[in-house]
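S.K.: Following is a predicted model, sequence given first.
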Amino acid sequence: MARIGTTTWIERNEHLLYRLKTEVDHREIQEPVILDFGPGCMVDFLKDYMPKGNRREWNLYHRLQRRFLKMIEISLRQSHCFNLSTTEPEEIARVLEEYSPQSIYVYDAEPRVINAVQRKVEQNDLLVPVYYQILDVTKDPVPQQGDIVIAYHVVERTPNPEKSLDNIARSVRVGGLLSVTTDWPLQDFERLNAGLYVKTSD
């Protein structure tokens with residue numbers, strides 16, 4: 001999995017989560033185990049200054065704001081002097097709350113991302129039990145299988161996208177959903193939409 005190199009923002013992937021939610025509802029999935037690979041991070045004190053939501057809906061001001069803050073954020077992040085923050089696990093928990101998730105497992109190769117998740121868990125801000133582990137999806141086997149597997153902006157940023165996607169796909173249970181920001185043909189999966197799949201067999 002790539003090291004942190006992209007500035008994220010609050011609700012960056014919320015439109016993808018709501019698309020996923022529609023499919024979860026359609027399939028009547030209850031009490032799912034959720035796996036989240038590579039949640040985005042940002043320097044903690046800058047998160048409230050970034051524009052929010054789907055970038056395609058931003059106006060020119062928001063685009064310029066994000067471009068300016070990204071330059072600052074990357075420099076601050078590389079200094080290793082500031083805590084990072086991630087909002088993706090709590091956004092997943094909020095959007096899928098009505099399905100009573102059993103747990104969310106968060107995986108990332110970058111220790112500072114995992115530390116950000118750990119701080120969030122310790123603050124008790126999450127609606128679902130969250131577990132976390134350092135894991136390089138290009139090399140390490142995934143120790144858990146999930147009913148819902150999410151990997152936004154991960155596969156396409158790894159040095160071996162095909163291997164990464166294969167490892168992530170193996171972590172989906174039969175009948176489970178995979179939501180990613182790549183759109184590749186996958187063996188043992190049915191494509192439901194761009195980047196959204198259901199696993200049909202092992």
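M.R.: Arrived safely, thanks for sending.
S.K.: How about the residue most central in space within the chain: what's its closest non-neighbour residue?
M.R.: Among the residues of the chain, the one closest to the centroid is residue 39, at 4.0 Å (CA atoms, centre = their mean). In this structure, residue 39 finds its nearest non-sequential neighbour in residue 88, 3.6 Å apart by CB to CB, 6 or more residues apart in numbering. Where C-beta positions appear, they are placed from N, C-alpha and C, glycine not excepted.
S.K.: The protein: strands as residue ranges?
M.R.: 33-37, 42-43, 84-85, 103-108, 130-134, 146-151, 172-180, 189-193, 196-199 (DSSP state E).
S.K.: in terms of contact, does residue 154 touch residue 167 like I think?
M.R.: No: the pair residue 154 / residue 167 is not scored as a contact, 10.7 Å apart, by CB atoms under 8 Å.
S.K.: thinking again about what came up before, how many neighbours does the residue nearest to residue 39 have?
M.R.: 26 (other CB atoms under 10 Å).
S.K.: Return the distance of it relative to residue 13.
M.R.: For residue 88, the distance to residue 13 (CB to CB, to the nearest Å) stands at 7 Å.
S.K.: ok, now residue 136?
M.R.: Counting by CB to CB - residue 136 and residue 13 are separated by 22 Å.
S.K.: higher neighbour count, the two?
M.R.: Neighbours per residue (other CB under 10 Å) separate residue 136 from residue 13, with residue 13 holding more: 25 against 15.
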